[in-house]
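K.L.:
Compute the structure for the input listed below.
(chains A and B)
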Amino acid sequence: MNEWVFFINNVVVAGSVSGSIYAIGAVGVTLIFSIMRFAHFAHADMMTFGAFMVLLLTTAFPTAGASIGIPTAIIMLPLAMVLTAALAVGIDKVFYKPLRAHGVKPIVMVIGSLGVTLILQGLIRLFAGTSGQSLYVDDRKEIFRLALPFDGVRVPVVITEPQLYLFVITLVAVVALHLFLNRSRLGKAMRAMSDNPELAQASGINTHLIVAVTWVIAGGLAAIAGTLLSLDVTFKPDLSFFLLLPIFAAAIVGGVGHPYGAIAGGFVVGFAESLAVFNWNILLRPFRDSFPAWLELPTNLAFVSTEYKIVVPFFILVAILIWRPTGLFKGKVI
Amino acid sequence: MSTQPKREDLVAAPSRFPLREVLLFTALLLAVLGVYAAMGAAYSTRMLVEAACYAILALGLTIQWGYAGQFNAGVMGFVALGGFCAMLFSVPINEDFWGTELPSELGRVLLYAVAATLVVIGATRLDRLGIPKTLRTIIAVAVGLILYLVVISLLRDVTGEIESRAGFIGGFGLPAWVGWIVGGALAGGVGYFIGHICLGLRSDYLAIATLGIAEIIKAFLKNSDWLTRGTATVSPLPWPTPGPSELGFTLARALYLSVTAVVIAAIFFLLHRAYHAPWGRMIRAIRDNEVAAAAMGKDINRRRLEIFVLGCILMGLGGGMLTSFNSLFDPNGYLPLNHTFLVLVMVILGGPGNNLGTMFGAVAVYIIWIMSEPLALWLMQLIVAFGEGAFGWDAPGNMDSRALQARVLVIGVLITAVLRFAPKGLLPEKIRHHD
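P.N.:
Below you'll find the predicted structure:
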């Protein structure tokens, strides 16, 4: 049983944590893709920006959360979401709108977004320095150890406070997004525009408004994902480079332009990563005595060591591009 | 024909005096002379050699992006592969490794790997023996996973043994140019793999995939201590020309510069010929109107793959030359900023699709890049001094490293500004029109 608890800690919990973060990031990428038809490379840096805003606000008011009993960073999250959404709309106005007005190819927009990536990264590093910082400025990170009620189980299931917040906020964000896309007028207009921009425009949908709303949603979600990731580990200015590939892999796995697919894709990538770095020898250990004598298992049975974790999303990306380029849920844009 | 008024855009442009080229290159020459006067000959020659290596990288990117409209966001990976091959082939033979039974152990594991691959490929063909396709897929995946685990465990044992007993496998002790050529070939092979998967799909996917493969190549080189010594770095790497210890810094670097100049001249000549040949016209036709080119019977995906692989080969070659010149193989030294985005700025600023413009962009941007380091430090000190004097601001201690980070910002601003205000670069691609 101890081995299974170990499995839960290392695969189920870790996989859901990174899966939630990838899912929230991938939803933003896929929404931008479906409205503006380009891969937005600066998305991961918008996540870093959101986390940085939370860090600044938390440093400014370190004791704000103690009065209500939740971490200050979580209280500051809505404010950071607003700021990041404003940044996203501003970036669109300054950088992407002129390019769109010129009618450039999508790939030029991709290069433009790489330029934005570097600008954001430069600014964040200029103001935040290069070292990692904890978002828990004045609060204490609670760690819950849940002992399981079975005989002989000594190892507890470990889950931390930010991880609980992560699951709750992810759930709230997904439900809110679902309601917005399916119930509100604006959400329906957005889906119409993603299906057929010309037709949407001809039927009187204000496409400029839709573009702005897309950026607001993408910016807000990016701030959530960045903050929750930084809460779980630490805030680092170069967070984004390791996030870009898993997020794009998740968006493509789910089918580009397909928000629910992106959520599923995020969890696929997250769990694939944690399954691949898990040492399977641990699960086989109880059966060691019943193995034939010639079979000597090596102590390390992980598929990839943690240094090569980035191979996993890439492998998934390549596999999906070879066998099913439209993604698991048949995205619209190939 | 003489009765009709000639349309401006259809007649061949009159051969004008290339004023813009002359002006820009004169300015560049003055800048280089200025650097020579300010920083001394040894430093400036080093800068020129590095700029020349970057020019090869930029030529590789300009044929991908400028000729064919493919965006490679992972130049760094191909540069690192070239650098790795330059290191592997030119470093002296390590007797601690070759004198023991370790090479045969390693060879045995590699043979196992080949055998395992063959078995898995065989398993994917099982449906020809009448096994249902679903069952075949399950068998193939299961066999693949188990064999992979077996081979990777054996490999971990052998590589751990190599690391503890011999350090790393050492080099082959061959001339550096062998490594450059193999590096180009290896980079081309990786480019073929990526291009084969992505080039038939949306152009964004190529950018995502190249970005990923670059990080993977770097992670592999960084963590394979048995192959590359990882973060411990390998130095010195021998040069193909007499080194500084024999000739002194300036002369040795000038000799290296002449080698790179010959390589660039050869590449430039061949690319120029290819660009004006029917092949170049076909590539441009595919870039400008894919549907029309396909209707004319051109094999679009194959041509795209051709040009993508060609660009990757040039990047591998340039990366090998750059690493050999630095005389140090450090996997951590390959950074997206220095080896991907800098090259991108060189190409889009100089003029994508115009080889002369790309080379101008390479040298000009590299000079700005090198000179921006002292400039950024100086500016930061100025700001700190001003802040302390005027507001009594207590500046953080790591201002110097932050000043260098500001160069990231500058590159980003350059990319977005060029895309918006000069999308064709300083020396735009010249499209010849014929009657």
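K.L.:
all helices of the stretch 201-334 of chain A, in order?
P.N.:
Secondary structure of the stretch 201-334 of chain A (DSSP state H, counting those that start in this stretch): helices located at A:207-232, A:240-253, A:259-277, A:281-284, A:311-323.
K.L.:
The third one near chain B anywhere?
P.N.:
Same thing as helix A:259-277. No: contact of helix A:259-277 with chain B (C-beta under 8 Å from any C-beta of the partner chain) is absent, the minimum separation being 10.7 Å. C-beta coordinates here come from the backbone N, C-alpha and C atoms, glycine included.
K.L.:
Could you check the angle that helix makes with helix A:207-232?
P.N.:
30 degrees (axes from the mean of the first three to the mean of the last three C-alpha atoms, to 10 degrees).
K.L.:
mind saving the C-alpha coords of helix A:259-277 as PDB?
P.N.:
Listed next in PDB are the C-alpha coordinates belonging to helix A:259-277 (Å, rounded to 0.1, in the frame of the first residue of the first chain):
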ATOM      1  CA  PRO A 259     -11.500  25.200 -25.400                       C
ATOM      2  CA  TYR A 260     -12.800  22.000 -23.900                       C
ATOM      3  CA  GLY A 261     -10.200  20.000 -25.900                       C
ATOM      4  CA  ALA A 262      -7.500  22.300 -24.500                       C
ATOM      5  CA  ILE A 263      -8.600  21.500 -20.900                       C
ATOM      6  CA  ALA A 264      -8.400  17.800 -21.700                       C
ATOM      7  CA  GLY A 265      -5.100  18.300 -23.500                       C
ATOM      8  CA  GLY A 266      -3.700  20.100 -20.500                       C
ATOM      9  CA  PHE A 267      -4.400  17.100 -18.300                       C
ATOM     10  CA  VAL A 268      -3.200  14.600 -20.900                       C
ATOM     11  CA  VAL A 269       0.200  16.400 -21.000                       C
ATOM     12  CA  GLY A 270       0.400  16.900 -17.300                       C
ATOM     13  CA  PHE A 271      -0.300  13.300 -16.500                       C
ATOM     14  CA  ALA A 272       1.900  12.000 -19.300                       C
ATOM     15  CA  GLU A 273       4.800  14.100 -17.800                       C
ATOM     16  CA  SER A 274       4.300  12.700 -14.300                       C
ATOM     17  CA  LEU A 275       3.900   9.200 -15.500                       C
ATOM     18  CA  ALA A 276       7.000   9.400 -17.600                       C
ATOM     19  CA  VAL A 277       9.300  10.600 -14.800                       C
END
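K.L.:
tell me the mean pLDDT for that helix?
P.N.:
Averaging pLDDT along helix A:259-277 yields 91.
K.L.:
Include mean neighbour count when you put the helices of the stretch 201-334 of chain A into a markdown table, please.
P.N.:
Shown next, in a markdown table, are those (neighbours: other C-beta atoms under 10 Å in any protein chain shown):
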| stretch | mean neighbour count |
| --- | --- |
| helix A:207-232 | 24 |
| helix A:240-253 | 28 |
| helix A:259-277 | 23 |
| helix A:281-284 | 16 |
| helix A:311-323 | 19 |
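K.L.:
Could you tell me the least trusted of the ones you listed?
P.N.:
helix A:281-284 has the lowest average pLDDT among the helices of the stretch 201-334 of chain A, namely a mean of 80.
K.L.:
Can you mark which positions in stretch A:193-205 are buried?
P.N.:
Under the neighbour-count criterion of 16 or more other C-beta atoms under 10 Å in any protein chain shown, stretch A:193-205 has A:193-194, A:197, A:200, A:205 buried.
K.L.:
Among those residues, which pair sits farthest apart?
P.N.:
A:194 and A:205 (11.2 Å; C-beta to C-beta).
K.L.:
TSV please, covering the helices of the stretch 201-334 of chain A and showing distance to residue B:423.
P.N.:
Below are the helices of the stretch 201-334 of chain A laid out as TSV (distance: least, C-beta to C-beta, whole Å):
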stretch	distance to residue B:423
helix A:207-232	22
helix A:240-253	25
helix A:259-277	31
helix A:281-284	55
helix A:311-323	29
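K.L.:
pLDDT weak spots in the stretch 301-435 of chain B?
P.N.:
Applying pLDDT under 70 to the stretch 301-435 of chain B flags residues B:392-401, B:432-435.
K.L.:
50 instead, please
P.N.:
Residues of the stretch 301-435 of chain B meeting the criterion pLDDT under 50: none.
K.L.:
what ranges do the strands span in chain A?
P.N.:
For chain A, the strands defined by DSSP state E cover A:143-146, A:157-160.
K.L.:
name the helices or strands packed onto the last one?
P.N.:
Packing partners of strand A:157-160 (3 or more C-beta pairs under 8 Å, 6 or more residues apart in numbering or on different chains; DSSP states H and E): strand A:143-146.
K.L.:
any idea how far residue B:87 is from the closest residue to residue B:173 other than its chain neighbours?
P.N.:
Spatial nearest neighbour of residue B:173, excluding adjacent residues (C-beta to C-beta, 6 or more residues apart in numbering or on different chains): residue B:93 at 4.6 Å. Residue B:93 sits 13 Å away from residue B:87, going by C-beta to C-beta, to the nearest Å.
K.L.:
list the residues that contact both of the two?
P.N.:
By the contact definition C-beta atoms under 8 Å, 6 or more residues apart in numbering or on different chains, residue B:93 and residue B:87 are jointly contacted by residue B:171.
K.L.:
just to revisit the earlier point, the residue nearest to residue B:173: what's it in contact with?
P.N.:
Remark: with contacts taken as C-beta under 8 Å, 6+ apart, residue B:93 is in contact with B:170-173.
K.L.:
and if you look at residue B:168?
P.N.:
Residue B:168 makes contacts with B:94, B:97, B:162, B:225-229, B:234, as judged by C-beta under 8 Å, 6+ apart.
K.L.:
Any stretches of chain A with poor pLDDT?
P.N.:
Chain A contains residues with pLDDT under 50 at A:334.
K.L.:
and the helix ranked longest in chain B, what does it pack onto?
P.N.:
Using DSSP state H to define each element, chain B has its longest helix at helix B:355-391. Applying 3+ C-beta pairs under 8 Å, 6+ apart, we find helix B:355-391 packed against helix B:19-39, helix B:41-61, helix B:249-276, helix B:342-350, helix B:399-421.
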